[in-house]
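In: Provided below for reference: sequence and predicted model.
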Amino acid sequence: MTLRTIVTLPDPVLRRKARNVTVFDKKLQTLIDDMIETMRDAPGVGLAAPQVGISNRLIVVEYYENDEAEEAEDETKKKVWALINPEIVKASEEKVMGVEGCLSIPNLVGEVERHEAIQIKAFNRHGQPMKLKVSGWLARIFQHEVDHLNGVVFTDLATRVWFPETEEEKEDRV
Ligand code: NI
């Protein structure tokens, strides 16, 4: 596995609408493995292919699978997802505010309103269809990553942004 370079604004690849993935080959598997390694190294909890300079609809996420594991900070309950051509097919009416950071905008964090829960349709790394229901912080991560595939970054949506003052504010970037 190879660490990829994370691109930052104003790189135009971050503003492009990414293409659907249509071929599930060895090159794709390598890219997914590299993205997971790059996300862990950053460190971050999510990464979209445009963030490593590749305009394809592919995201990886690594986070606690449920609220109990998140509260207990039980690292062993973290799960990795690789989603190809993800589509948000359902979103809760309820929205929540939260503070987000992005590996491609390293100097800012901001307050963004997101759906509390979503349903996602996607393909797994082998091209098999899958459906996913997520809520809370995990739902926020997925919404942030899917935005990256459409050329949208969190500062476009934020009600306010600021320079992070503590290490805690820089945690869990996506
Ligand atoms: Ni991001």
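Out: Right, received. Where do you want to start? Numbering: from 1, shown residues only.

In: where along this structure do the strands fall?
Out: 46-48, 58-64, 78-91, 95-102, 105-115, 117-123, 129-135, 160-162 (DSSP state E).

In: Would you mind pulling up the elements that the lowest-mean-pLDDT helix or strand in the chain packs against?
Out: The helix or strand of the chain with the poorest confidence is helix 67-72; it has a mean of 80 (mean pLDDT, DSSP states H and E). The helices and strands touching helix 67-72, judged by 3 or more CB pairs under 8 Å, 6 or more residues apart in numbering; DSSP states H and E, are helix 136-149. For the C-beta atoms, the positions are set from N, CA and C on the backbone; glycine is no exception.

In: Dump the C-alpha coordinates for the helix it packs on into PDB.
Out: Presented in PDB, the C-alpha positions along helix 136-149 are these (Å, rounded to 0.1, in the frame of the first residue of the first chain):
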ATOM      1  CA  GLY A 136     -25.500  10.800  14.200                       C
ATOM      2  CA  TRP A 137     -21.800  11.600  13.600                       C
ATOM      3  CA  LEU A 138     -21.500   8.700  11.200                       C
ATOM      4  CA  ALA A 139     -24.300  10.200   9.100                       C
ATOM      5  CA  ARG A 140     -22.400  13.600   9.100                       C
ATOM      6  CA  ILE A 141     -19.200  11.900   7.900                       C
ATOM      7  CA  PHE A 142     -21.000  10.300   5.000                       C
ATOM      8  CA  GLN A 143     -22.800  13.500   4.000                       C
ATOM      9  CA  HIS A 144     -19.500  15.400   4.100                       C
ATOM     10  CA  GLU A 145     -17.800  12.700   1.900                       C
ATOM     11  CA  VAL A 146     -20.700  12.500  -0.700                       C
ATOM     12  CA  ASP A 147     -20.500  16.300  -1.000                       C
ATOM     13  CA  HIS A 148     -16.800  15.900  -2.000                       C
ATOM     14  CA  LEU A 149     -18.000  13.900  -5.000                       C
END
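
In: so which of the strands of the chain gets nearest residue 11?
Out: strand 105-115 (10.9 Å; CB to CB).

In: Show me which residues of the chain sit near the ion.
Out: Among all residues of the chain, those adjacent to the ion (criterion: CB under 5 Å from the ion) are 102, 174.

In: For the ion, what's its nearest residue on the chain.
Out: Using CB to the ion, the closest approach of the chain to the ion is made by residue 102 at 3.2 Å.

In: Relative to residue 2, how far out is that residue?
Out: Using CB to CB, to the nearest Å, one obtains 22 Å as the distance from residue 102 to residue 2.
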